[in-house]
Each structure stands twice: as C-alpha cells, then as structure tokens.
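Colleague: Just a sequence and a predicted model for now, questions to come.
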Amino acid sequence: MPGAELHVLAKTMFRDFMNAGYQARDVITFATELLDLVIASVRQTKEPRRAPDEEGK
C-alpha cells in the first residue's frame, strides 16, 4: 500500500475514532498497542534461531 493510501487510511481511522466518541488519548493508546504488536512481530522474524546446544548460555 503506497504512502498516500496509508495517510488517507490513518486520517479516516482517526476521524472514525473521534466520531465514535473516543478522545485523543484513546487514539494514542490504540496506536501504542498497534506499534507494540508490530514491534513484537518484527522481533520474532529477526531473532536468530539458536541451536539447541547454545540455549541457556
């Protein structure tokens, strides 16, 4: 998805949150949770696998 489409998606989601009665701090909490999930996913895919004999060292 190109950057411009992501920008539109973010603006739309923000507007939808606000129209649904959420406050800015709620959107920040949501964004933080989303970033935590992304970070965990990236870390999972980038962590090298340890050989069984290297575990616990």
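Modeller: Okay, I see it. Numbers count the residues shown, from 1 in each chain.
Colleague: just checking, what packs against the longest helix seen in the chain?
Modeller: Determined from DSSP state H, the single longest helix within the chain is helix 24-46. Using 3 or more C-beta pairs under 8 Å, 6 or more residues apart in numbering; DSSP states H and E, the elements in contact with helix 24-46 are helix 3-19. Placement of C-beta: from N, CA and C, glycine included.
Colleague: Report the distance from the helix it packs on to the chain centre.
Modeller: Counting by C-alpha atoms, centre = their mean, to the nearest Å, helix 3-19 is centred 15 Å from the centre of its parent chain.
Colleague: Buried residues in it, which are they?
Modeller: Neighbour-count burial for helix 3-19, counted by 16 or more other C-beta atoms under 10 Å, picks out residue 17.
Colleague: and it, C-alpha only, in PDB?
Modeller: Taking Å, rounded to 0.1, in the frame of the first residue of the first chain, the C-alpha atoms of helix 3-19 are listed here in PDB:
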ATOM      1  CA  GLY A   3       2.300   6.100   1.500                       C
ATOM      2  CA  ALA A   4      -0.600   8.300   0.200                       C
ATOM      3  CA  GLU A   5      -3.100   5.500   0.800                       C
ATOM      4  CA  LEU A   6      -1.700   4.900   4.300                       C
ATOM      5  CA  HIS A   7      -2.100   8.600   5.000                       C
ATOM      6  CA  VAL A   8      -5.800   8.500   3.900                       C
ATOM      7  CA  LEU A   9      -6.400   5.400   5.900                       C
ATOM      8  CA  ALA A  10      -4.900   7.000   9.000                       C
ATOM      9  CA  LYS A  11      -7.000  10.100   8.600                       C
ATOM     10  CA  THR A  12     -10.100   8.000   8.100                       C
ATOM     11  CA  MET A  13      -9.400   5.900  11.100                       C
ATOM     12  CA  PHE A  14      -8.700   9.000  13.200                       C
ATOM     13  CA  ARG A  15     -11.900  10.700  12.100                       C
ATOM     14  CA  ASP A  16     -13.900   7.500  12.800                       C
ATOM     15  CA  PHE A  17     -12.500   7.200  16.300                       C
ATOM     16  CA  MET A  18     -13.400  10.800  17.000                       C
ATOM     17  CA  ASN A  19     -16.900  10.500  15.500                       C
END
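Colleague: Alright, that wraps it up for me.
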